[in-house]
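Undergrad: return atomic coordinates for the entry below.
(chains A and B)
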Amino acid sequence: MSDIEKLKSELKKLLIEYAKIKELPPAERGAFGKQMNQQKQAILQRLTAAEAEQESAEIEEIDFTAPCAPNEPIPQIKRGTKHPLMTELDKVIEIYNRMGFDVMESRQLDDEFHMFESLNFPKDHPARDGYDTFRTGEGYIPPAHTSTMQHRALLKYQPELERDGQIAVVIPGRVFRNEDADATHEHTFYQCEGVFVSKDATMGQMFGVLKQFFEYYYGQKLKIKTQPGYFPFTEPSAELLIEKPAALGGKGGDWLEMLGCGMIHPNVLKKAGIDPDRYQGFAWGGGIDRLVILKYGLSDIRYFESAKLDFLEEF
Amino acid sequence: MKISINEIKKYVQIPSTVKDEDLIELIGSRLVEVEEVIDLAKKYQGIMAVKVVSAEKIEGTHLTLCQIDAGAQTERFAKAGSKTVQVVCGAPNVHQGMLAVWLAPGVIVPETFGHENFKLGARKLRGYESNGMLAALDELDLGSDHEGIVELNPREINPGDDFAKIYGLDDLILDVENKSLTHRPDCFGLIGFAREIAGILGIKFAEPRLGMGKFENLKSAILNVDIRDSELCPRYTGAVINVTALKTKKYFDQEVAFLAKAGMRSIDPIVDLTNIIMLQTGQPLHAFDYDKLIRVGDSDTAQIIVRAARDGEELQLLDGKIIKCIPEDILITSNDRPIALAGAMGGKNTEVDASTRRIVLESATFSLYHLRKTQMAHGIFSEAITRFTKGQPAACCLNVLKEAIGQLGGQVEVVTDAYPGKIQPNVITLTIEHINKLLGTAYTAEQIQGTLENVGFGVQCADDYNLTVTAPEWRTDIHIKEDIIEEVGRLLGYDNIQLDLPVRKFREGQIDRMLKLKREIRDILSDKLDAHEVLTYSFVSKKLLEKVGEESADSYEIVNSISPELQCFRQQIVPSLLDKVRENIKAGHKDFVIYEMNQVTSRHAGLDKEKVPLMSTDLGIVCLGDFYHLKALTLELVKHDLRLDLSYRKLAMNSETARTYPYLEPKRSVEVYCNDRLVGAFGEVKKRVLTELKIDKVISALEMNLEQIVDAPRVIEKTFLISKFPSVERDLTFKVSADALFGRIENALNESLKRKQLIYTVTPVSIYQSDPNDLTKNISFRIKFSNPERTLDSEEISAIIEKIKEDVASVGGTIV
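TA: Purely as a prediction, here's the structure:
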């Protein structure tokens, strides 16, 4: 007789026993009934368990630690990857976009006018040397900063101002500096520029916007501080630092230099046909590579442009 | 640039409440980025002056056995009962009675501080015990001299005295970032730097009174200065000084320590002085040998002419190099013969040396634009030219010269001041509102006036609203009201500005169409499919272009490229990707798809309306696999997901397209059209190209111009017809001639089902050819169809199949 059958007959016997309840004096019936019920429940429980076991009796058990069943191919999951710089750039754009900024893209070959002249760098000024630009035989420049797009952005959105609106745009793009690549230097990298112009833009607003951005980006409240900077196209100019966020292992007291910023120089506005007596604005620019490096603790910046799948598959 | 806190404190009284670390923090937040703080006190800890009581040569060696007296410190190191400490010294100049610098046992040799940290002990040399060592200048890291040990002046220091304390080496040195001071020539001198610190601390800066000596009615020499172009040289001041009375230094002194702290080395008394004055004021000076100058000029008196260089004119510089001038160079000449490359370096022909009796001391300023070109053309990056290219103010030249004369001593014979380019001080008018409106602050007139006056601005403000600000003569960078606003904001602290957010009219932010398309493609290729996005450089080598068959002359060429590998701006993405295939195969990747979306251009693409090269964003895909592999992927991406109206045409041999994509094998590639516009091509890469790239696998590639599809209409009509009635599934195989096009059979099949108004699918199953030489092949499909309104009976089904056979037969397919 199988376990199940035994249990079933046990149950039957119990039910017959239970019928005797009627013969007992009323005072004892409560206790008897309770006891019988307990026994019945116990048998039912064992019965359910036995039935479940019987149902799976023929099934072969798995080795949950193995990648596949014996003699079966290992299931292959193939997945693509996005480049970490592009993923991060998208995240940055997304935040500014939510904050109401338009997004336009920077270009990878430009001229002296956009790279320097429109940005108030006097011709032949030594400040141009700080940018270590590449040049083509025709004198074109693979831009050394996304600020090369400032003039275009101002021109494009200038009509917004006439409509009593504002200019609010961010410009991501690839930029180039003529320096030898090593673990911490790349001649090719990505930046994101920001431009805001209105009737009453202030430095306080600039720091407010940037603080807000980094708080969204790192998902926490952050402290900021500044250092004076020098850019011919902003006046005043500053460098913005944030206190190293907890997300990056910051414990307070460490500061990270994030970007250069400042109030747009009146000459830059004028060149784009915007009257600096009526409008004022701020602009900033910061590296995207650095955000990724900080996030993942990368030791060698050259991986980014290496197209090594071993590297990319880590993301 | 290295800034000494001790030296700064000589010019500005730092309140005792401001600790050094607070001061450094303030400098960082309101003046310039501090890259590093070097604590010299640690470096020179425990180093003291000692008197050499006796010095006896150790026979048969170059060594000298010395007994030294370290004053009150002697007892700590001397053997019991001895009043001196024994040190063995190898220097030839060690002698009895001298004061030397002793590195006692336990002291770290400063030269090794911060890297090896070599700690001295007591050890035996040739059997004699030596306690520590007597130091030379290089071991103290205060110079490069190793000829002998340092000798100290007994009038300055006593045995046992702390060496660091007496010579100001108990100091903090700030290494600051020059770049953020590009516009501030004044801050390249200690005085200017200290002035800013006073301003930051809200203290009125006490201007040091420079050049107070009177040098009038001097007639003992003649120094004529002729500036040919005041644009090149707004001011040139000079003095002839008799220096015969100046003696070379015997002792180490404060000046050597001062120079070392700024990262400079002591050379001789005259050069040292010019350097010290430069470090103090920011104004570089140069000394010529007067007699040599006259000889070069072949004249009786000194005739200095400052002029533009003639193209190709030659001059041997102090470092021995002979340069060929460019027309932008400015030359200092003696009677028209070059004696110095202005702002950069003096000439060998007028070098000051031990026999020099008289010097011409120069304090001048030159066009920073020209000096920048000089710097680049001749690769000179000296302390002097670094300062000159910031635009040293002409107004300060004469006072600095006079100060130098005063500090140098010697007898002045003549002082000349040529100042044709006199500049009026910059006066700027603005209002309190201008300042507060740009900064977002509420500073009062009093606050603003005080802040500016502390650093030397003249401020008039009669009504607490309108300001008239006069820039001090050393501030050549102040031109517009925003310059004044920056001073106020910075000195009072940007960190004190109340944060705010702009108020905006509600409007959705727009994203550039191309960015959106790239995002979409990235989502499809990387998230839905299994491709890997990569980034590669925009610059490629000529060699690569040649290997893939592209015309390197059609690339914009970088004239100052880092290496030949990065010389040409790329014309397409695929070559860069092909270049990365081999490496990844070698790394063990067997089956992969890589892609990149980035900007490309070529000369023949021409210029856009802004007269800059027309750029386009391309998508490049490279995969391990044949044409059909990439076709499946392309179909999935472009047709299925992007829903573009896409068609292919065979890539004709020797066609324009074949030349555009020279790496594609025409027989195994197609042109891609979107709405009948050619947008790219894909197919297998030529064998020759693969051999060149050392790839032994079949590789396919796609290059597509995204500009052409960014605005293309999307095909969104799709009939989601799902029949309630059972569908019929049949596998059909057609025998066709070996050269029959698959598409013709497939089309006939589709058309046939379509005409019957059925809900249907046609799925290719296989193409089978038993032998490549067979004249026929078999093509199999699985078809599935149903009627949208009723269940099909067997008669109807047979009729449909028969019709299909007939229709397919008409294009050459016989059912098997």
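
Undergrad: in stretch B:372-387, what's buried?
TA: Buried residues in stretch B:372-387, counted by 16 or more other Cβ atoms under 10 Å in any protein chain shown: B:372-375, B:377-378, B:380, B:383-387. Bear in mind the C-beta positions are built from the backbone N, C-alpha and C, glycine included.

Undergrad: brain fart, stretch B:89-103
TA: Those buried within stretch B:89-103 under the rule 16+ other Cβ under 10 Å are B:89-91, B:94, B:98-103.

Undergrad: just these now: which is nearest chain A?
TA: B:Leu103 (35.8 Å; Cβ to the nearest Cβ).

Undergrad: that closest one reaches B:Ala136, doesn't it?
TA: No: B:Leu103 is beyond contact range of B:Ala136, at 10.5 Å (criterion: Cβ atoms under 8 Å).

Undergrad: what's the end-to-end length of stretch B:41-61?
TA: 36 Å (Cα to Cα, to the nearest Å).

Undergrad: centre of the chain to it, how far?
TA: 45 Å (Cα atoms, centre = their mean, to the nearest Å).

Undergrad: for it, what does the pLDDT average out to?
TA: The average pLDDT within stretch B:41-61 is 92.

Undergrad: for the residue lying closest to B:Gly189 once chain neighbours are set aside, phi and psi?
TA: Excluding the flanking residues, the one nearest B:Gly189 by Cβ to Cβ, 6 or more residues apart in numbering or on different chains is B:Gly282, at 3.0 Å. B:Gly282 adopts backbone torsions of phi 90, psi -10, taken as degrees, to the nearest 10.

Undergrad: and if you look at the one 4 residues further on?
TA: Taking degrees, to the nearest 10, you get phi -140, psi 140 for the backbone angles of B:His286.

Undergrad: for A:Ser9, see how far away it is.
TA: 119 Å (Cβ to Cβ, to the nearest Å).

Undergrad: equivalent analysis for B:Leu566, please.
TA: Note on B:Leu566: its distance to A:Ser9, by Cβ to Cβ, is 89 Å.

Undergrad: neighbour count for these two, which is higher?
TA: Higher neighbour count among B:Leu566 and A:Ser9: B:Leu566, with 20 against 11, using other Cβ atoms under 10 Å in any protein chain shown.

Undergrad: list the contacts of the more buried one.
TA: A:187, B:537, B:539-541, B:558 (Cβ atoms under 8 Å, 6 or more residues apart in numbering or on different chains).

Undergrad: name the residue closest to the centre of the chain, please.
TA: I went with chain A, as the question did not name one. Centroid check for chain A by Cα atoms, centre = their mean gives A:Lys91 as the closest residue, at 4.8 Å.

Undergrad: ah, no, chain B please
TA: B:Lys179 (10.1 Å).

Undergrad: not counting sequence-adjacent ones, nearest residue to it?
TA: B:Lys179's closest residue in space is A:Gly130 (Cβ to Cβ, 6+ apart), at 5.5 Å.

Undergrad: the one you found contacts B:Thr182, doesn't it?
TA: Yes: with contact defined as Cβ under 8 Å, A:Gly130 counts as touching B:Thr182 (6.7 Å).

Undergrad: count of residues packed around the nearest residue to B:Pro502 once chain neighbours are set aside?
TA: Of all residues not flanking B:Pro502 in the chain, A:Gln205 sits nearest, at 5.0 Å (Cβ to Cβ, 6+ apart). Neighbour count of A:Gln205, defined by other Cβ under 10 Å: 21.

Undergrad: which residues touch the helix or strand encompassing A:Val92?
TA: A:Val92 belongs to helix A:84-98 when assigned by DSSP states H and E. Outside helix A:84-98, the residues that touch it by Cβ under 8 Å, 6+ apart are A:103, A:170, A:172, A:190, A:192, A:194, A:213, A:216-217, A:288-289, A:291-292, A:295-296, A:304, A:312, A:315, B:509, B:511, B:515, B:519, B:522, B:533, B:535.

Undergrad: what do you get if the cut-off is 6 Å, keeping everything else the same?
TA: A:103, A:170, A:172, A:190, A:192, A:213, A:216-217, A:288, A:291-292, A:304, A:315, B:509 (Cβ atoms under 6 Å, 6 or more residues apart in numbering or on different chains).

Undergrad: now intersect those with the strands, please.
TA: Mapping these onto strands (DSSP state E) picks out A:103, A:170, A:172, A:190, A:192.

Undergrad: which one of those residues has the most neighbours?
TA: A:Val170 (26 neighbours).

Undergrad: where does the record place the domain boundaries for the chain?
TA: I went with chain A, as the question did not name one. Domains of chain A are assigned by automatic domain parsing as A:3-55, A:84-312.

Undergrad: actually, chain B is the one I wanted.
TA: What the record gives for chain B is the domain set B:2-41+B:172-201, B:45-166, B:223-418, B:429-496, B:513-708, B:728-815, from automatic domain parsing.

Undergrad: do any residues in the fourth one lie close to chain A?
TA: Yep, that's domain B:429-496 we're talking about. Yes: residues of domain B:429-496 contacting chain A under Cβ under 6 Å from any Cβ of the partner chain: B:438-440, B:482, B:486, B:489-490, B:494-495.

Undergrad: farthest pair in the contacts of B:Leu566?
TA: A:His187 and B:Ser541 (14.3 Å; Cβ to Cβ).

Undergrad: who's more crowded, these two?
TA: When A:His187 and B:Ser541 are compared for neighbours, A:His187 comes out ahead with 24 against 19, by other Cβ under 10 Å.

Undergrad: how much space separates that one from B:Phe539?
TA: Taken as Cβ to Cβ, the span from A:His187 to B:Phe539 is 8 Å.

Undergrad: count the neighbours of the residue nearest to B:Asn496 when sequence neighbours are not counted for me.
TA: Of all residues not flanking B:Asn496 in the chain, B:Thr441 sits nearest, at 7.9 Å (Cβ to Cβ, 6+ apart). Using other Cβ under 10 Å, B:Thr441 has 21 neighbouring residues.

Undergrad: pLDDT score assigned to B:Thr441?
TA: 95.

Undergrad: B:Gly114 too?
TA: Reported pLDDT for B:Gly114: 86.

Undergrad: from chain A, how far out is the nearest residue to it once chain neighbours are set aside?
TA: Closest residue to B:Gly114 apart from its sequence neighbours, by Cβ to Cβ, 6+ apart: B:Lys43 at 7.6 Å. B:Lys43 sits 25 Å away from chain A when distances are taken as Cβ to the nearest Cβ, to the nearest Å.

Undergrad: isn't B:Lys43 up against B:Phe113?
TA: Yes: with contact defined as Cβ atoms under 6 Å, B:Lys43 counts as touching B:Phe113 (4.5 Å).

Undergrad: for A:Val197, which non-adjacent residue is closest in space?
TA: The nearest residue in space to A:Val197 (Cβ to Cβ, 6+ apart) is A:Gly281, at 3.2 Å.

Undergrad: what sits up against the helix or strand the one you found falls within?
TA: Using DSSP H and E, A:Gly281 falls within strand A:280-287. With Cβ under 6 Å, 6+ apart as the contact definition, strand A:280-287 has outside contacts at A:145-147, A:191, A:193-197, A:201, A:206, A:258-261, A:263-264, B:438.
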